[in-house]
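> from the sequence below, what's the structure:
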Amino acid sequence: MNKFLLLPLAAAATLLSASTCAQNLDAQRTAMRTAIDNAERGQFDASAAASLRNHPLYGWLEFSALRRNIDTLPTAQAQDFLKRYQGQAVAETFRATWLPALARRQDWPTLLANYKPGADAGLKCAELNARQATGKADAQWTSDAQALWRSAGKSLPDGCDPVFAVLASRGGLSPALRWERIDAAADAQQAAVMRAAARGLPAAELAQANDYAAFVDKPDARALNWPKNDRSRRIAVDGLQKLAKADPGAAELQLPQYTQALALSPAQQGQVLYEIALWTVASYLPVSARRLAAVPESAYDERLHEWRTREAMARGDWPAALSAIRKMPASQRNDSRWRWFEGRLLEKTGRAAEATALYRAAATEPTFHGFLAADKLKQAYTLCPWNPGDSAAAKASVARDPALVRAIELFKIERPSWAAREWADALTRFDDSQRRLAVEVASNNGWFDRAVFALKGPQEMRLYNLRFPLHHDDTIRREATRNALDPAWVAAEIRAESIFNPNARSPANAMGLMQVLPATGASVAKSIGLSGYGGAASLYDSDTNIAIGTAYLRQLMDKYNGLPYVTIAAYNAGPTPTARWQTQRPNYDPDFWIETISYKETREYVARVLAFSVIYDWRLNGNALTLSDRMVGRTQGARKPFVCQQTQ
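Reported below is the predicted structural model:
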């Protein structure tokens, strides 16, 4: 007998009873965490779990135990779980786990009885398989299977293969439909999918489709003899675009012959030239300017406009960079970044008087470039915090939402994916005001990243206390002082790295508040004689992490001549690319050096951390060191007030 059945479950799906309050939740949290961990290991203890029956996470505890034996789980037990937790995220999470198990054991009637339409392609195919196996492959089945076939040019789960085999046997995969998927797969540069879709074509068409797939894999001169039709031209463009990503020079060399042989239109040539230029300029290759110039203006988008500007900056060709900015669409050019650089380039080309209006416009934005513009004008920084004035009753009402209660409890026991499911479920029932209050409730419970992911629009972006949490400030000040660093910078690094989540862990195994790699942690702890450092797990201790992270920043600062903007780049990208950027553009002004960093992530990271530093200075001190001083390591300069220059 399943040990889980030994427990009475009637109250498991309810919200906390009146006798269970937040204090009790705190007391039970460790027990719930342990129970879930044990259940996942197959060590569920019924007697230990009895005291948790009224806990809001009891459904997730049940789910953890049931999932262990999902392939043999009795149908009645599974359906009982779905019934008791109907409408909750845990039920849908369980359903998404149980239905594939039903498909594996081909229990098609049960699958159909419990299926709910959704976006998961694997489950869609399982449902189609179930309908076919139970004699329900009618005209609607054919239509649904064809819609799935058309839905994407990328590979679908293996469970879809039987669906398409039946569809083909019933005459539902016409050559025209096969070509639809071949075309979509070519656009997605998925040659294997092209070949799979082509099976079943007449012999001559099959040969042509396989030749098309081979070209997408690797362009070949056989394409010069393809029929001169729209499909050949489309696939030639797809293959050349893929080649351009790997070898832009080869794509440039081959484009003319395919243009002539297949009569590629100017627009089609522009598509290939775009990729050639993009993958050239992203590495600042010597031929970048020429390849950018070869792209027709009609093929430019915001990304390539930026790269054309950046490339000219990297060469120090200020007139060309200014011209590139002025070719941007107005919506892009009016961003504070490009207003700032248009002003800077006007200065560098002897037209400083024309720059003032651009700086004034940029300085109204609380961004990296907006702060720089305010420095240029010697004026206060613009910051317009918003206080919505919500009532305590409204906030308390949102805080009592059962899904939000569960989400926060799951976050606190370090189940982030489950917490996110409950959070998303809660938000489906909240209006904008309730969503904003939910962010505040989450932040009050240490779940700070909800302010990053759930706040929207210009007004909510002004909720600075939510968007820029500040915790461990005593430790931040102490360790910053110990390492002669700006505390606002340390806080900004934490915000950029982990959003103040001490348990954060990256795919690269960077850990804790400042996302320190274990090897770095061990090395720095040894170098500073940090007593009590107990290995990688110590990086989840906030004080230890901040002590190591700030000491590491100090080491990088010493290596990079006391320049924070270079140090920040190295903290994100590492020493090798940073050394390359320094060698390529020595003695560049900091703003131009940052903008010409070739890695998008690092380029945006440096600007973001520096801007965050200004805002954290406001949070810590009410005013701020100028950004122009802080980014070059001057910590004793003049400080600025903040004013609101926007219409409220």
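
> OK, contacts around residue 212?
Counting by CB atoms under 8 Å, 6 or more residues apart in numbering, residue 212 makes contact with 182, 186, 194, 231, 232, 235. Any C-beta I mention is one placed from the backbone N, CA and C, and that applies to glycine too.

> quick one: the helix or strand of the chain with the lowest mean pLDDT to chain centroid distance?
None of the helices or strands of the chain scores lower by mean pLDDT, DSSP states H and E than helix 46-49, at a mean of 80. A distance of 39 Å separates the centroid of the chain from that of helix 46-49, by CA atoms, centre = their mean, to the nearest Å.

> which residues touch whatever helix or strand comes next after that helix?
Tracing the chain past helix 46-49, the next element assigned as helix or strand by DSSP states H and E is helix 58-68. Helix 58-68 is contacted by residues 3-4, 9, 12-13, 32, 35-36, 39-40, 42, 44, 49, 52, 55, 73, 77-78, 81, 84-85, 88, 90-91, 93-94, 97, 406, 410, 415, 418 when judged by CB under 8 Å, 6+ apart.

> helix 58-68: how far from the chain's middle?
With CA atoms, centre = their mean, you get 29 Å for helix 58-68.

> helix or strand right after it?
Heading C-terminal from helix 58-68 (DSSP H and E), you reach helix 75-84.

> can you list the buried residues in that next one?
Neighbour counts over helix 75-84 (16 or more other CB atoms under 10 Å) mark 78, 81, 82, 84 as buried.

> residue 485: which of the residues you listed is nearest?
residue 81 (52.4 Å; CB to CB).

> may I have stretch 154-164 as CSV, with CA atoms only?
Taking Å, rounded to 0.1, in the frame of the first residue of the first chain, the C-alpha atoms of stretch 154-164 are listed here in CSV:
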residue,chain,number,x,y,z
LYS,A,154,11.7,23.0,-35.6
SER,A,155,11.7,19.5,-34.4
LEU,A,156,8.7,18.2,-32.4
PRO,A,157,8.8,15.5,-29.7
ASP,A,158,9.2,11.8,-30.7
GLY,A,159,5.6,11.2,-29.5
CYS,A,160,4.4,13.2,-32.5
ASP,A,161,5.9,10.7,-35.0
PRO,A,162,3.0,8.2,-34.7
VAL,A,163,0.5,11.1,-35.2
PHE,A,164,2.1,12.1,-38.5
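
> check which residues of that stretch are buried.
So stretch 154-164, judged by 16+ other CB under 10 Å, has buried residues 156, 159, 160, 163, 164.

> over to stretch 99-110?
Buried residues in stretch 99-110 (16+ other CB under 10 Å): 99, 100, 101, 102, 103, 107, 108, 110.

> hang on, the earlier thing: buried only: go through the contacts of helix 58-68 for me.
Buried among the contacts of helix 58-68 (16+ other CB under 10 Å): 4, 12-13, 32, 35-36, 39, 44, 49, 52, 55, 73, 78, 81, 84-85, 88, 90-91, 93-94, 406, 410, 415, 418.

> would you point out the most distant pair within the buried residues of stretch 154-164?
159 and 164 (10.6 Å).

> report the set of residues contacting both of these two.
If you check residue 159 and residue 164 against CB under 8 Å, 6+ apart, no residue is contacted by both.

> how about the helices in the stretch 101-250 of the chain?
For the stretch 101-250 of the chain, applying DSSP state H, counting those that start in this stretch gives helices covering 108-114, 121-133, 139-150, 161-169, 175-187, 191-198, 203-217, 230-246, 248-262.

> now the angle from the fourth one to helix 139-150?
So that's helix 161-169. Counting by axes from the mean of the first three to the mean of the last three CA atoms, to 10 degrees, helix 161-169 lies at 110 degrees to helix 139-150.

> one more: the fifth one?
Direction vectors for helix 175-187 and helix 139-150, defined by the same axes, to 10 degrees, enclose an angle of 30 degrees.

> what do you get for the second one?
Computed by the same axes, to 10 degrees, the angle separating helix 121-133 from helix 139-150 equals 150 degrees.

> flag every buried residue along helix 121-133.
121-133.

> on that earlier part again, and the contacts of helix 58-68, which of them are in strands?
Counting by DSSP state E, none of the members of those fall within strands.

> just say helix, strand or coil for the spatially most central residue of the chain.
Centroid check for the chain by CA atoms, centre = their mean gives residue 453 as the closest residue, at 9.9 Å. Here residue 453 is recorded as helix under DSSP: H, G, I helix; E, B strand; the rest coil.

> how close does it sit to residue 420?
Computed with CB to CB, to the nearest Å, the distance linking residue 453 and residue 420 is 9 Å.

> mind giving me TSV with the buried residues of helix 121-133 and columns for distance to residue 296 and pLDDT?
Output for these, formatted as TSV (distance: CB to CB, whole Å; pLDDT from 0 to 100):
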residue	distance to residue 296	pLDDT
121	37	95
122	42	95
123	44	97
124	41	97
125	42	97
126	47	97
127	47	98
128	45	98
129	48	98
130	51	98
131	50	98
132	50	97
133	54	97
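
> now do residue 251 against residue 274, distance only.
From residue 251 to residue 274 the distance is 11 Å (CB to CB).

> closest one of the buried residues of helix 75-84 to residue 558?
Distances from residue 558 to those, taken by CB to CB, are shortest for residue 81, at 58.4 Å.

> which residues touch that closest one?
62, 63, 66, 91, 94.

> ok, the last one touching residue 83?
No: using CB atoms under 8 Å, residue 94 makes no contact with residue 83, being 11.3 Å away.

> which secondary structure elements does the one helix or strand residue 99 maps to contact?
Here residue 99, judged by DSSP H and E, is contained in helix 89-104. With contacts taken as 3 or more CB pairs under 8 Å, 6 or more residues apart in numbering; DSSP states H and E, helix 89-104 sits against helix 58-68, helix 75-84, helix 108-114, helix 121-133, helix 402-412, helix 416-427.

> CA atoms only for that helix, dumped as PDB, please.
The C-alpha trace of helix 89-104 is given here as PDB (Å, rounded to 0.1, in the frame of the first residue of the first chain):
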ATOM      1  CA  ALA A  89      -1.000  25.300  -9.800                       C
ATOM      2  CA  VAL A  90       0.000  22.000  -8.200                       C
ATOM      3  CA  ALA A  91      -2.900  20.200 -10.000                       C
ATOM      4  CA  GLU A  92      -1.700  21.400 -13.400                       C
ATOM      5  CA  THR A  93       1.900  20.600 -12.500                       C
ATOM      6  CA  PHE A  94       0.800  17.100 -11.600                       C
ATOM      7  CA  ARG A  95      -1.300  16.800 -14.700                       C
ATOM      8  CA  ALA A  96       1.700  17.700 -16.900                       C
ATOM      9  CA  THR A  97       3.700  14.900 -15.200                       C
ATOM     10  CA  TRP A  98       0.900  12.300 -15.200                       C
ATOM     11  CA  LEU A  99      -0.400  12.500 -18.700                       C
ATOM     12  CA  PRO A 100       3.000  11.600 -20.300                       C
ATOM     13  CA  ALA A 101       3.100   8.600 -18.000                       C
ATOM     14  CA  LEU A 102      -0.400   7.600 -19.200                       C
ATOM     15  CA  ALA A 103       0.900   7.900 -22.800                       C
ATOM     16  CA  ARG A 104       3.800   5.700 -22.000                       C
END
